[in-house]
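**Student:** pasting the structure only:
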């Protein structure tokens, strides 16, 4: 059984790595519909449409024009999420996503941070780095 350190993870917008990423998360879900019929003792559900969404946190970097700078609320980008790095043979997920929100936070004793939230539009592919 393989395990991976979270520090191996990466986020790319297309082929450009997003700078200063601290963490990312993604959820893949499926809608369901009730497929029960008369006389059914237990509810039967059927999977229908799948979706995916998530977010990532980064230290804000205004000089990262091809990563953080390429993300605008309402814009669609190709996201590539790497849980185990981007070396040959590594698994990653790729798909087009709409940036649904960007939030910024700062404190006097910290670093300015940004959180980017997204919702997939279309299929999410699980791929292997070649």
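**Tutor:** Cool, the structure landed. The model shown is predicted, which means the values in this text are computed figures rather than measured ones. Numbers count the residues shown, from 1 in each chain.
**Student:** skipping adjacent residues, who's closest to residue 32 in space?
**Tutor:** Excluding the flanking residues, the one nearest residue 32 by C-beta to C-beta, 6 or more residues apart in numbering is residue 45, at 4.3 Å. All C-beta spots, glycine's among them, are computed from the backbone N, C-alpha and C.
**Student:** and residue 18, by the same measure?
**Tutor:** residue 67 (3.6 Å).
**Student:** would you mind measuring from the one you found to residue 45?
**Tutor:** 40 Å (C-beta to C-beta, to the nearest Å).
**Student:** looking at the two, which is more packed in?
**Tutor:** Using other C-beta atoms under 10 Å as the criterion, residue 67 and residue 45 rank with residue 67 on top: 20 against 12.
**Student:** residue contacts, the more buried one?
**Tutor:** Contacts of residue 67 were listed using C-beta atoms under 8 Å, 6 or more residues apart in numbering, and they are 11, 12, 13, 16, 17, 18, 19, 61.
**Student:** so the third one makes contact with residue 75?
**Tutor:** No: assessed by C-beta atoms under 8 Å, residue 13 is found out of contact with residue 75, at 10.0 Å.
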